[in-house]
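A.B. asks: Predicted model follows, preceded by the sequence.
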Amino acid sequence: MPPRQFFRHAGRSVRPVFFFLGAHMPDRKPGRTNRRKVRFAVAGLGWFAQVAVLPAFRHASGDAELVALFSDEPEKLKKLGRKYRVSALYSYDDFDSVLASGEIDAVYLTLPNHLHREYTLRAAKAGVHVLCEKPMAVTERDCKAMIGGAERAGVLLMIAYRLHFERANLEAAEIVRSGKLGPPRFYQSVLSNPVTDPDNIRLSPIDQGGGTLYDVGIYCINASRYIFRSEPIEVVARSANNGEKRFCNVDEMTSAVLRFPDERLAVFTSSFGAAPCSYFEVFGTKGWLRVEGAFEFAEPMKHRLTIGDRTREKKFPKRDEVAPEIIYFSNCIREGKTPEPSGREGLADVRIIRALYRSARTGRPVTLSGFQKKRRPTLRQEIHRPPVGHQELVDVDQPSPS
């Protein structure tokens with residue numbers, strides 16, 4: 001649902017009054033900053049923001065400072081502002097003026113998918129760097145507009161792929177790259193995250209960014225790309241729906257095959273209707289690797305590596321996966337360097353998602369045009385922070401039993 005411009009009170013619309021970050025509105029000078037701590041605002045205070053993004057700033061406190069919150073719910077703003085000691089609390093109606101104030105260096109967008117383009121472009125126009133949750137946007141056109149807007153404004157745009165900084169996933173990609181498995185031949189994965197509430201935003205129409213591919217399938221797609229260090233050239237997909245009312249606008253589940261150069265295949269299933277499951281496997285000519293819990297953000301993960309007749313297991317403890325994004329992006333801002341994952345990374349996945357839904361709709365394979373992507377996540381990007389503890393939610397429900 002788009003942010004409302006007014007709050008409702010006693011049956012009438014009223015404009016909220018909030019503390020402004022100073023009356024002076026200097027011209028923005030985007031680019032790197034000499035500040036030790038990058039000043040962040042967070043726009044969108046839903047479930048993921050509350051359980052992962054807001055508490056992550058405590059683990060990123062040496063590099064970033066949370067200075068402002070945006071929401072259209074005044075009670076939620078008040079409670080979360082008090083919890084995180086943030087006094088600058090705003091409605092979305094104030095977004096442009098606040099970002100133009102010169103008091104914010106970057107904004108973390110956790111808004112609904114179909115709003116990512118609009119708010120990225122508004123932030124860029126104000127000279128504010130953007131860390132945007134995935135999926136980057138709903139269409140390739142939106143992604144390209146976001147990339148172009150950031151480039152023209154001279155600000156950095158990073159897409160919040162938390163697993164690009166997480167040890168188990170980065171190490172898996174390194175094992176494949178090292179040749180221990182032999183040439184990789186195929187990849188398979190499953191990510192099932194049951195969504196039971198019919199009002200959950202994940203069940204919004206697909207053309208608004210709802211559906212399994214935008215929400216969970218994107219993890220399977222992204223992992224296949226950094227495992228193979230390549231881009232698919234053809235995709236085919238089939239969607240299924242058991243007819244329940246909650247799935248009237250979206251796929252209950254989608255299975256897909258991605259064909260990569262050198263005749264390699266990636267197969268995955270994304271689901272809203274089955275029991276929770278999260279893993280991927282990659283098979284080479286000499287061995288195979290299974291990563292259990294591969295896409296989780298608050299659970300431990302495990303490698304099971306088999307080469308020949310020998311199998312080894314390695315466990316990876318729970319960790320904060322959002323603080324590393326904030327730390328890394330803050331460093332990029334201070335040093336004026338393009339982040340990985342950039343807007344190009346977000347575009348790469350969205351174009352595949354769109355092609356998969358097109359294939360599922362038409363029943364035909366879809367050929368993808370060439371796409372150049374030079375930078376891939378590496379172990380050098382790994383940043384470790386301890387796990388975030390249990391968080392009391394404010395005016396929001398947990399989206400699923402997982």
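C.D. replies: Arrived safely.
A.B. asks: When you work out contacts or count neighbours from here on, use the C-alpha atoms and nothing else.
C.D. replies: Noted.
A.B. asks: low-confidence ranges in the stretch 251-400 of the chain?
C.D. replies: 397-400 (pLDDT under 70).
A.B. asks: Tell me where it has strands.
C.D. replies: 253-260, 264-271, 277-284, 287-292, 301-307, 310-316, 366-367 (DSSP state E, counting those that start in this stretch).
A.B. asks: Indicate which one of those strands is closest to residue 171.
C.D. replies: Set against residue 171 and scored by CA to CA, those come closest in strand 301-307, at 9.4 Å.
A.B. asks: how about the strands in the stretch 51-200 of the chain?
C.D. replies: 64-70, 88-90, 106-109, 129-132, 157-159, 184-192.
A.B. asks: want to throw the ones you listed into TSV with mean pLDDT?
C.D. replies: As requested, the strands of the stretch 51-200 of the chain are exported to TSV (pLDDT from 0 to 100):
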stretch	mean pLDDT
strand 64-70	98
strand 88-90	98
strand 106-109	98
strand 129-132	98
strand 157-159	98
strand 184-192	98
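A.B. asks: Endpoints of stretch 201-216, how far apart?
C.D. replies: 13 Å (CA to CA, to the nearest Å).
A.B. asks: what comes into contact with that stretch?
C.D. replies: 1, 112-114, 135, 137-138, 191-193, 195, 246-247, 249-254, 270-272, 350, 353 (CA atoms under 8 Å, 6 or more residues apart in numbering).
A.B. asks: now those: which count as buried?
C.D. replies: Neighbour counting with 16 or more other CA atoms under 10 Å marks 112-114, 135, 137-138, 191-193, 195, 246-247, 250-254, 270-272, 350, 353 as buried within the contacts of stretch 201-216.
A.B. asks: on that earlier part again, right, and the strands of the stretch 251-400 of the chain - which one's nearest residue 119?
C.D. replies: strand 264-271 (27.9 Å).
A.B. asks: For the closest one, list the C-alpha coordinates in PDB.
C.D. replies: Extracted C-alpha coordinates of strand 264-271, given in PDB (Å, rounded to 0.1, in the frame of the first residue of the first chain):
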ATOM      1  CA  ARG A 264      25.000 -25.700 -17.200                       C
ATOM      2  CA  LEU A 265      21.600 -25.800 -15.600                       C
ATOM      3  CA  ALA A 266      20.100 -24.200 -12.500                       C
ATOM      4  CA  VAL A 267      16.800 -25.600 -11.200                       C
ATOM      5  CA  PHE A 268      14.800 -24.200  -8.300                       C
ATOM      6  CA  THR A 269      11.300 -24.000  -6.700                       C
ATOM      7  CA  SER A 270      10.000 -21.000  -4.700                       C
ATOM      8  CA  SER A 271       6.800 -21.500  -2.700                       C
END
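A.B. asks: who touches the one residue sitting closest to the centre of the chain in this structure?
C.D. replies: In the chain, the centroid-proximal residue (CA atoms, centre = their mean) is residue 134; its distance is 2.9 Å. Residues in contact with residue 134, defined by CA under 8 Å, 6+ apart, are 113, 159, 160, 161, 346.
A.B. asks: If we use 10 Å, what do you get?
C.D. replies: 109-110, 112-113, 116, 158-162, 214-215, 218-219, 346, 349-350 (CA atoms under 10 Å, 6 or more residues apart in numbering).
A.B. asks: next one: residue 69
C.D. replies: 40-45, 54, 77-78, 80-81, 84, 86-92, 95, 107-108.
A.B. asks: Same check on residue 191?
C.D. replies: Contacts of residue 191 by CA under 10 Å, 6+ apart are 212, 215-220, 253, 268-272, 274-280, 293-296.
A.B. asks: Narrow the residues you listed to just the buried residues.
C.D. replies: Buried among the contacts of residue 191 (16+ other CA under 10 Å): 212, 215-220, 253, 268-272, 277-280, 293-296.
A.B. asks: quick revisit: mind putting the strands of the stretch 251-400 of the chain into a markdown table with distance to residue 59?
C.D. replies: Formatted as a markdown table, the strands of the stretch 251-400 of the chain follow (distance: least, CA to CA, whole Å):
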| stretch | distance to residue 59 |
| --- | --- |
| strand 253-260 | 36 |
| strand 264-271 | 31 |
| strand 277-284 | 26 |
| strand 287-292 | 26 |
| strand 301-307 | 21 |
| strand 310-316 | 19 |
| strand 366-367 | 43 |
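A.B. asks: Minimum distance to residue 224: which of these has it?
C.D. replies: strand 264-271 (6.4 Å).
A.B. asks: Return the distance of that closest one from the chain's centre.
C.D. replies: How far strand 264-271 lies from its chain's middle: 19 Å, per CA atoms, centre = their mean, to the nearest Å.
A.B. asks: ok, that strand: who's next to it in the sheet?
C.D. replies: Paired strands of strand 264-271, with direction, are strand 184-192 (parallel), strand 253-260 (antiparallel) (DSSP bridges).
A.B. asks: Can you say which of these is nearest to residue 153?
C.D. replies: strand 253-260 (35.0 Å).
A.B. asks: From the chain's centroid, how far away is that closest one?
C.D. replies: With CA atoms, centre = their mean, you get 20 Å for strand 253-260.
A.B. asks: Restricting to C-alpha, output it in CSV.
C.D. replies: C-alpha atoms of strand 253-260 as CSV (Å, rounded to 0.1, in the frame of the first residue of the first chain):
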residue,chain,number,x,y,z
MET,A,253,4.7,-21.9,-6.2
THR,A,254,6.9,-21.7,-9.3
SER,A,255,9.6,-24.1,-10.5
ALA,A,256,12.2,-22.9,-13.0
VAL,A,257,15.1,-24.0,-15.1
LEU,A,258,17.8,-21.5,-16.0
ARG,A,259,20.3,-22.5,-18.8
PHE,A,260,23.8,-21.0,-18.4
